[in-house]
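**Q** Turn this into a structure:
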Amino acid sequence: MPRESSRGGGADKRRRGGGRRGRRPKVCAFCTGEHEIMDYHDGRMLRRYISDTAKILPRRRSGVCAKHQRRLATTLKRARMLAIIPITEKLVRR
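**A** Numbers count the residues shown, from 1 in each chain. From the prediction side, this is the model:
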């Protein structure tokens, strides 16, 4: 009698995005030309790449290639220094 793995089950594959067709690969928005220039003045575009807790999103969540992820991180940090985007989302007072 074969052993069942802890990951087995059809519902688990559907929830993770696996299965027969698989997940659609993410394409870098900067390589395709959706976003033209990575500019630290464009706060609206940069907010797309930070989480609700104001952390920089990783590549697997944002879908940006490695080259543009490095430039994006530098641009986000530059925008934080100039207070274009917040360093933290909430102001915590004690």
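**Q** So what's the residue count around Ile50?
**A** Ile50 has 19 neighbours, counted by other C-beta atoms under 10 Å. Where C-beta positions appear, they are placed from N, C-alpha and C, glycine not excepted.
**Q** show me what contacts the nearest residue to it once chain neighbours are set aside?
**A** Closest residue to Ile50 apart from its sequence neighbours, by C-beta to C-beta, 6 or more residues apart in numbering: Ile56 at 6.0 Å. Applying C-beta atoms under 8 Å, 6 or more residues apart in numbering, one finds that Ile56 lies in contact with Tyr49, Ile50, Leu72, Ala73, Leu76.
**Q** Do I have it right that the first one meets Leu57?
**A** So that's Tyr49. Yes - Tyr49 is in contact with Leu57 according to C-beta atoms under 8 Å; the separation is 5.3 Å.
**Q** Poorly predicted segments of this protein, please.
**A** When residues are selected by pLDDT under 70, those of the chain lie in 1-20, 90-94.
**Q** Just give me the longest helix of it.
**A** Identified as the longest helix of the chain according to DSSP state H is helix 66-81.
**Q** for that helix, packing partners?
**A** helix 29-32, helix 43-46, helix 59-62 (3 or more C-beta pairs under 8 Å, 6 or more residues apart in numbering; DSSP states H and E).
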